[in-house]
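Asker: Structural data only, the sequence is not supplied:
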């Protein structure tokens, strides 16, 4: 089916030599053509999400796993925006063990983790997804970091654009609505998010993400907030009991197509092509999270058996340390003392035992202030980064 080019919005000539895009309110008009292909993609994505939620329930400590998975997502989402920090950098930063000569971009990722956790907590407490909540999340995202001077938590009051680094508005690939049109579009989007309707939640999440990126209401951080909105919408609709689904890896893998699909929505009204791409991403992100969960379960079981076999009746503190490593894969002797309540000599000995068993690897090369990494677990988490 062919749709009118202005199905999604129009380009508006400004006084200067550029045009801004003015989006129409959601839902799309003419209505979405949800053909058999899209319905099959929707069904496949829904089923994968259900399996993911079920797998999360059998994890030994799902909340600890979620915390690490959120950190992985924060790294990926920030990398899309040009941040170079790795998952290891972030864990070292949190453990206050980051080499001062390494990039300080880890703080950007830590901020993203804080923003995700705040948003999900608010939804679980029954709060609505509102402009007020989005602004608060944006504040946590940009507070005290690169971009932090670009009005964290505040809707833009000047024109922005999307284009090559260092370029100006005449080089832009896309120019979002001007300030007045942006305010109206943002209010319309808030009403659409909060309205009870018959749209499948995954379809609604895809529409909201695209519309948010088109409106581009902040001077910085729009991509990260737009990706986070997907998780908040699925948490609100109870498609996810825990925030385990993120599309950043899929978007990163298919970056060119991602931007082309969004632009085709604006220029040609191709909502259906975008939704097909989006639902395919939902399926792949869900199956990836399921695989990661199962590998972690297998790793935990394997290492528990190894410790029990090698240490026998003396394995109590070792098993306690192992469980904590799935939450904190970087440890020092002092943190082992904190976890196990062992004396310093015994904690130091346990670190050596874990090293001999291949559970921990010393990563500083120093004789003092050593840091140990749970390498096999980190390798699983780093899949896709």
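Answerer: Arrived safely. No experiment lies behind these values; they were computed from the predicted model shown.
Asker: And stretch 45-52, how far out from the chain middle?
Answerer: The chain centroid and the centroid of stretch 45-52 are separated by 18 Å, computed with Cα atoms, centre = their mean, to the nearest Å.
Asker: likewise stretch 138-155?
Answerer: For stretch 138-155, the distance to the chain centre is 17 Å (Cα atoms, centre = their mean).
Asker: contacts for it?
Answerer: 105, 107-108, 111-112, 114-115, 118, 131, 135-136, 182-183, 186, 217-221, 224-225 (Cβ atoms under 8 Å, 6 or more residues apart in numbering). All C-beta spots, glycine's among them, are computed from the backbone N, C-alpha and C.
Asker: residues of it that come out buried?
Answerer: 138-142, 145, 147-148, 151-153, 155 (16 or more other Cβ atoms under 10 Å).
Asker: Those residues in helices, which ones?
Answerer: 138-142 (DSSP state H).
Asker: List the buried residues in stretch 195-214.
Answerer: For stretch 195-214, a neighbour-count test (16+ other Cβ under 10 Å) marks 199-214 as buried.
Asker: So which of those residues belong to helices?
Answerer: 201-214.
Asker: I'd like to know which of these is nearest to residue 327.
Answerer: Checking these against residue 327 by Cβ to Cβ gives residue 205 as the nearest, at 28.8 Å.
Asker: Tell me the helix or strand right after whichever strand or helix holds residue 132.
Answerer: When elements are assigned from DSSP states H and E, residue 132 belongs to helix 131-142. Downstream of helix 131-142, the next assigned helix or strand under DSSP H and E is helix 179-194.
Asker: who's in contact with that next one?
Answerer: So helix 179-194 is in contact with 12, 20, 22-23, 25-27, 128-131, 155-159, 176-177, 207-208, 211-212, 214-217, 233, going by Cβ under 8 Å, 6+ apart.
Asker: Backbone dihedrals for the closest residue in space to residue 259 that isn't next to it in sequence, please?
Answerer: Nearest residue to residue 259, sequence neighbours excluded (Cβ to Cβ, 6 or more residues apart in numbering): residue 173, at 8.0 Å. With angles defined as degrees, to the nearest 10, residue 173 sits at phi -80, psi -30.
Asker: check contacts around residue 173.
Answerer: By Cβ under 8 Å, 6+ apart, the contact set of residue 173 is 162-164, 259, 263.
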